[in-house]
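Trainee: just to be clear, the model below is a prediction. Sequence and coordinates:
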Amino acid sequence: MTKLAQDGPPLARRGLMMTGLITGLTLATTRVEAQVIHTDTAGLEAGEARVPVVDGELPAYFARPQGNGPFPIVLVNAEIFGVHEHIKDICRRLAKAGYLAVAPEVYARLADLSKMTDAAVIMRDVISKAPDATLMADLDATLRWATAHGGDSGRVGVTGFCRGGRATWLYAAHNPTLKAAVAWYGQVGGARTEIQPKTVTDIADRISCPLLALYGGKDTSIPVADVQAAVARARAAGRTVDLVIYPDSGHAFLADYRPSYRATDAADGWQRMLAWFRGHGVG
């Protein structure tokens, strides 16, 4: 490891295309047969939730320690494959560490991701049609839900993976009340469109909280040089960003349901994330 210094129709009119969360592992990518890590609910409250948004409700999954709280909040941004069992498990892992973690199904307006099996189709027909402005509003709504259900609005962090890593960068520039962010292999470039007008690199100089960026040196979809450029832009503006490159890992090295999983780097990144949150007031 090397450490380098147009919204669709409203929900109320369409109805949710997804009535619940994804209960199994997605088939949208090659995967191993089972997850490596399974986190139980002992000592936790966990399950599905409905997050009120401007045009209806979004399904979500949450986990938190038992008790009244208030608990520090971590918003969890899923991969393009939605809130499947791996993302739920991440919420439970965070809850075991003392957090109220909640992962909203932000693409539920557009599709039921549990029934989609082709990553290219998901990107074309779902992800590319989701406005960034709506994504930010949905995360704001999720934070309000968390605050109303035992979370501490003064101790809020955000994390995310792959496309959710991109959302993490964007939300760090959107919400000035955040204390810390951790982006796992989130895209920093890509096409600009009318509904997704900015890349991570475009907004890197506007993040409002310290951000930890965890990337794989062998990630062919996200060149290290591009990540370094985004980090340099943030630092030039006086923002706090810590970049860690794992030279032997590719994309999705935390995803323990996929062949891309790298246990040693995943464990190191997880501990760095927890330390980052604790060190910046989320804990």
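Mentor: Done, it's in.

Trainee: contacts, neighbours, all on C-alpha from now
Mentor: Will do.

Trainee: for stretch 230-246, measure first residue to last.
Mentor: 17 Å (CA to CA, to the nearest Å).

Trainee: likewise stretch 229-248?
Mentor: End-to-end distance of stretch 229-248 (CA to CA): 21 Å.

Trainee: report the distance from that stretch to the chain centre.
Mentor: 18 Å (CA atoms, centre = their mean, to the nearest Å).

Trainee: repeat that for stretch 75-95.
Mentor: 8 Å.

Trainee: first-to-last residue distance for it?
Mentor: Start-to-end span of stretch 75-95 (CA to CA) is 12 Å.

Trainee: list phi and psi for residue 220.
Mentor: phi -70, psi -10 (degrees, to the nearest 10).

Trainee: residues contacting it?
Mentor: The contact partners of residue 220, taken as CA atoms under 8 Å, 6 or more residues apart in numbering, are 250, 251.

Trainee: show me where the stretch 151-283 of the chain has its strands.
Mentor: 151-161, 180-184, 211-216, 241-246 (DSSP state E, counting those that start in this stretch).

Trainee: what comes into contact with the shortest one?
Mentor: Which is strand 180-184. 156-162, 164-166, 168-169, 172, 209-215, 252, 273, 276-277, 280-282.

Trainee: C-alpha coordinates for that strand, PDB please?
Mentor: The C-alpha coordinates for strand 180-184 follow below in PDB (Å, rounded to 0.1, in the frame of the first residue of the first chain):
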ATOM      1  CA  ALA A 180     -16.200  13.900   7.700                       C
ATOM      2  CA  ALA A 181     -16.500  11.800   4.500                       C
ATOM      3  CA  VAL A 182     -14.900   8.600   3.200                       C
ATOM      4  CA  ALA A 183     -15.100   7.800  -0.500                       C
ATOM      5  CA  TRP A 184     -14.200   4.300  -1.600                       C
END
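
Trainee: helices of the stretch 1-150 of the chain, residue ranges please.
Mentor: 11-14, 85-96, 119-125, 132-148 (DSSP state H, counting those that start in this stretch).

Trainee: redo these as TSV? Include distance to residue 192 and mean neighbour count.
Mentor: Shown next, in TSV, are the helices of the stretch 1-150 of the chain (distance: least, CA to CA, whole Å; neighbours: other CA atoms under 10 Å):
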stretch	distance to residue 192	mean neighbour count
helix 11-14	26	13
helix 85-96	27	24
helix 119-125	14	13
helix 132-148	11	19
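
Trainee: any chance of the ones you listed in a markdown table with distance to residue 47 and mean pLDDT as columns?
Mentor: Formatted as a markdown table, the helices of the stretch 1-150 of the chain follow (distance: least, CA to CA, whole Å; pLDDT from 0 to 100):
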| stretch | distance to residue 47 | mean pLDDT |
| --- | --- | --- |
| helix 11-14 | 22 | 40 |
| helix 85-96 | 9 | 98 |
| helix 119-125 | 25 | 95 |
| helix 132-148 | 13 | 98 |
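
Trainee: indicate which one of those is closest to residue 261.
Mentor: Among those, the nearest to residue 261 by CA to CA is helix 85-96 (12.0 Å).

Trainee: out of the strands of the stretch 151-283 of the chain, deepest packed?
Mentor: Most buried of these, by mean neighbour count (mean count of other CA atoms under 10 Å): strand 180-184, with a mean of 28.

Trainee: what lines up beside it in the sheet?
Mentor: strand 151-161 (parallel), strand 211-216 (parallel) (DSSP bridges).

Trainee: dump the residue contacts of residue 139.
Mentor: Residue 139 touches 75, 104, 171, counting by CA under 8 Å, 6+ apart.

Trainee: mind running it again at 10 Å?
Mentor: For residue 139, the contacting residues are 51, 53, 75-77, 103-104, 106, 145, 158, 167-168, 171, 175, by CA atoms under 10 Å, 6 or more residues apart in numbering.

Trainee: related to what we said a few turns ago, could you export the strands of the stretch 151-283 of the chain as JSON lines, including mean pLDDT?
Mentor: Converted to JSON lines, the strands of the stretch 151-283 of the chain look like this (pLDDT from 0 to 100):
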{"stretch": "strand 151-161", "mean pLDDT": "98"}
{"stretch": "strand 180-184", "mean pLDDT": "99"}
{"stretch": "strand 211-216", "mean pLDDT": "98"}
{"stretch": "strand 241-246", "mean pLDDT": "98"}
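
Trainee: that older thread, do you know which of the helices of the stretch 1-150 of the chain lies nearest residue 40?
Mentor: Checked against CA to CA, the stretch from the helices of the stretch 1-150 of the chain lying closest is helix 85-96, at 7.4 Å.
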